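Colleague: Coordinates for the following, if possible.
(2 chains)
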Number of protein chains: 2
Amino acid sequence: MNWEDNIRRAVPYTPGEQPQGKGIIKLNTNENPYPPAPGVEKLLREMDSDSLRLYPDPDARELTETLAKYYGLRPAQIFVGVGSDDVLAMAFLTFFHSGRPILFPDITYSFYDVWAGLFQIPYRECPLDGDFRLRTEDYLQENGGIIFPNPNAPTGILEPLEKVEEILRANPGVVVIVDEAYIDFGGVSCLPLLEKYDNLLVVQTFSKSRSLAGMRIGFAMGGEKLITYLKNVKFSFNSYTMNRTALALGVEAVKDDAYFKNCNARIVETRERIKKELLKLDFTFMDSRANFIFAAHKRVPGARLFAELKERGIFVRHWEKPRIADHIRITIGTEEQMDRLLEALREILASCG
Amino acid sequence: MNWEDNIRRAVPYTPGEQPQGKGIIKLNTNENPYPPAPGVEKLLREMDSDSLRLYPDPDARELTETLAKYYGLRPAQIFVGVGSDDVLAMAFLTFFHSGRPILFPDITYSFYDVWAGLFQIPYRECPLDGDFRLRTEDYLQENGGIIFPNPNAPTGILEPLEKVEEILRANPGVVVIVDEAYIDFGGVSCLPLLEKYDNLLVVQTFSKSRSLAGMRIGFAMGGEKLITYLKNVKFSFNSYTMNRTALALGVEAVKDDAYFKNCNARIVETRERIKKELLKLDFTFMDSRANFIFAAHKRVPGARLFAELKERGIFVRHWEKPRIADHIRITIGTEEQMDRLLEALREILASCG
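Modeller: Numbers count the residues shown, from 1 in each chain, chains lettered A, B, ... in the order given. This is a model prediction of the structure:
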């Protein structure tokens, strides 16, 4: 007997590249182009380094209370984790335990099938329709749970609240997770549905709209019972997931609402401008409500655009997958970064005849 | 059908209290009484807060390389995580997957049975002998993996390398995890055994000897194959577990070896002094090689000592469990803190007649 026969083999998720180096334009992992709120820097300077020898608050009380106040919920309705990936991993482990297949779209965040694989959760991918929209009827079949992002990734398409509610109404027997990682760029959150549905879990993150991808802070909101079950699993995994700097800086990022709203408004404005420019360049794309645009060119394949941009120091994301191989996903950067992107695209398209 | 019927129910680990407030003496969670290395504070002041908007390096390259160099290993032999709890949780998930019971001592870190419960891993607790030592013969039975801390917690007893190797030699078919959270306080690490046993995983932490419990940094060392399997599971769970501050401050803590060794030597010196003092007060205890002492009084029960100390603002740890209910676990603090502890104990013992 060899020890290798006794282990769990997993096929990991592949995150976007994290290239280093000056002059690179990084539009590949949907980070925010604007720095975190000024209070974050201030706190970093003032933090008591001696306190780092002590364990952090396992209940993340201050951050939880700050988020609860901001979203008009009770602290017992909030769960925080090491980025929304940590929150989602814990949620898969906790809620998708029936043995029946869970449901999610065929084109979506490519971590869902990885978690299902890791935890041996059966799953069924429901094909988006021809316009890359959720088909409600797919989510009326028997299942062991449902998860989808809204806006969806990598399409950026926002589904209306009515559709989310229709799915919830049909599925009182399972947990429905709405992954709202990109909700702050003009989307409408399904948070108000929490009052009516105690099986709804809404997941958000500090990585995109709050400019703190580097600090790993995500959170879930739901009924108190749902959150308690999630906490029981989390506290069976690791008592102290959030370190002291994440807890403290996270609070600062939520406090400065004016800064938060201003940055997001700028990103939305840039996104809408770039949509117009991309149209002129013969791109087609979905009507993104996220901080990225998922675009295909009428003549030049996605893989080619990806490679040519990379050669010019501009990183976007491309998946060699059915239905979406023609697309590239472009994160919305600063106005200057986007101008350089457009310039590069013009050059590439010209050279492609 | 109710959604609650479909979820995983877990009974979480209970960490030691994290009391706040001035004047409290916290000797209950084995934190280091000395601040992190001076370089940690310096880096905190100098850190570029703008970079926090970008994802951290998912491979934690700099920290991994720094640790590899320090321990004389290759970077591919190092795995880092959010405290050793995160590392151990991932290791349970990865390596204890045979369906056969894993083995660990009956008196040990009380998270082991929680992880086994969470991941539905069968387990068997092997009773320590009358002197609270591992009985090698218990680990020769068929099993699905082995884990034990060395020094053991909460006893503080260090097992000799020969015993660790005997267990390894008998178990080539499973992964053997040696949890060396407390090894830096005078213990002898089993790291040299890595050369001979590719099924050995050694886990250590920054929370005790490196004064960074608040930053959540743990790591595992093993053969490259073992580490690759562990990484595959980790990258199927969360691509970015270590945030930017943890990665950067962790490097600083390893760099300053003189500071590290000096702090640990002071803790060992204090521990040995306190042993003598506790003897005078009629305590019995095991010969701890960790940064705590697990002591029982000849007349006064552990629960009483725990409560009386708490009333005086001194927090130690007590478990109402078979075989150890008479004991309290006292973390080694500064000389001053320990003097106040001794003073309080004298007062309590006097009042107990």
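Colleague: check contacts around residue A:253.
Modeller: The neighbours of residue A:253, taking CB atoms under 8 Å, 6 or more residues apart in numbering or on different chains as the test, are A:36, A:37, A:39, A:40, A:206, A:210, A:211, A:212, A:217, A:260. Quick note: C-beta positions are derived from backbone N, CA and C, even for glycine.
Colleague: would you list those residues in TSV and tack on neighbour count, distance to chain B and secondary structure?
Modeller: Converted to TSV, the contacts of residue A:253 look like this (neighbours: other CB atoms under 10 Å in any protein chain shown; distance: CB to the nearest CB, whole Å; DSSP: H, G, I helix; E, B strand; the rest coil):
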residue	neighbour count	distance to chain B	secondary structure
A:36	30	5	coil
A:37	24	10	coil
A:39	17	10	helix
A:40	27	6	helix
A:206	28	10	coil
A:210	27	9	coil
A:211	27	4	coil
A:212	30	6	coil
A:217	30	8	coil
A:260	19	13	helix
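Colleague: Check these and tell me the two furthest apart.
Modeller: Greatest spatial distance in the contacts of residue A:253: A:39 and A:217, 14.6 Å, computed using CB to CB.
Colleague: wait, does the helix or strand hosting residue A:228 contact chain B?
Modeller: Using DSSP states H and E, residue A:228 sits within helix A:224-234. Yes - Helix A:224-234 is in contact with chain B by CB under 8 Å from any CB of the partner chain, via A:225, A:229, A:231, A:232, A:233, A:234.
Colleague: do stretch A:268-281 as well
Modeller: No - judged by CB under 8 Å from any CB, stretch A:268-281 stays clear of chain B, getting no closer than 15.5 Å.
Colleague: Now that stretch - C-alpha only, CSV.
Modeller: Taking C-alpha atoms only, stretch A:268-281 is exported to CSV below (Å, rounded to 0.1, in the frame of the first residue of the first chain):
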residue,chain,number,x,y,z
VAL,A,268,-19.2,52.7,-14.5
GLU,A,269,-18.6,55.9,-16.5
THR,A,270,-15.4,54.5,-18.0
ARG,A,271,-17.2,51.2,-18.8
GLU,A,272,-20.0,53.0,-20.7
ARG,A,273,-17.5,55.1,-22.7
ILE,A,274,-15.4,52.0,-23.6
LYS,A,275,-18.6,50.2,-24.7
LYS,A,276,-19.1,52.9,-27.3
GLU,A,277,-15.5,52.8,-28.4
LEU,A,278,-15.5,49.0,-28.7
LEU,A,279,-18.6,49.2,-30.9
LYS,A,280,-16.7,51.5,-33.3
LEU,A,281,-14.0,48.9,-33.5
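Colleague: tell me the contacts of the residue most central in space within chain A?
Modeller: Computing the C-alpha centroid of chain A and ranking residues by CA atoms, centre = their mean puts residue A:181 first, at 3.5 Å. Counting by CB under 8 Å, 6+ apart, residue A:181 touches A:84, A:109, A:149, A:153, A:203, A:204, A:205, A:207, A:208.
Colleague: Among those, which ones lie close to chain B?
Modeller: Restricting these to those touching chain B (CB under 8 Å from any CB) yields residue A:207.
Colleague: Filter the contacts of residue A:181 down to the ones in strands?
Modeller: If you go by DSSP state E, the contacts of residue A:181 have A:149, A:203, A:204, A:205 in strands.
Colleague: Skipping its backbone neighbours, what lies nearest the last one in space?
Modeller: Closest residue to residue A:205 apart from its sequence neighbours, by CB to CB, 6 or more residues apart in numbering or on different chains: residue A:84 at 3.9 Å.
Colleague: if we can go back for a sec, list the buried ones in the helix holding residue A:228?
Modeller: A:226, A:227, A:229, A:230, A:231, A:232, A:233, A:234 (16 or more other CB atoms under 10 Å in any protein chain shown).
Colleague: give me the residue from the stretch 251-353 of chain A nearest chain B.
Modeller: Closest to chain B within the stretch 251-353 of chain A is residue A:253: 9.3 Å, counting by CB to the nearest CB.
Colleague: Is that residue located within a helix, as I assumed?
Modeller: Yes - with DSSP: H, G, I helix; E, B strand; the rest coil as the criterion, residue A:253 is located in a helix.
Colleague: Compute the distance between it and residue B:100, please.
Modeller: Shown here: residue A:253 relative to residue B:100, a distance of 47 Å by CB to CB, to the nearest Å.
Colleague: Residue A:204 now?
Modeller: Distance from residue A:204 to residue B:100, by CB to CB: 41 Å.
Colleague: Check residue A:260 too.
Modeller: Distance from residue A:260 to residue B:100, by CB to CB: 52 Å.
Colleague: do residue A:298 as well
Modeller: 59 Å.
Colleague: what's the answer for residue A:334, then?
Modeller: For residue A:334 relative to residue B:100 (CB to CB), the value is 56 Å.
Colleague: And these two? Which one has more around it.
Modeller: A count of neighbours by other CB atoms under 10 Å in any protein chain shown puts residue B:100 above the other of residue A:334 and residue B:100, at 18 against 14.
Colleague: and the closest residue in space to that one that isn't next to it in sequence, how many neighbours?
Modeller: Spatially, and ignoring its direct neighbours in sequence, residue B:100 is nearest to residue B:144 (3.4 Å; CB to CB, 6+ apart). Neighbourhood size, residue B:144 [other CB under 10 Å]: 21.
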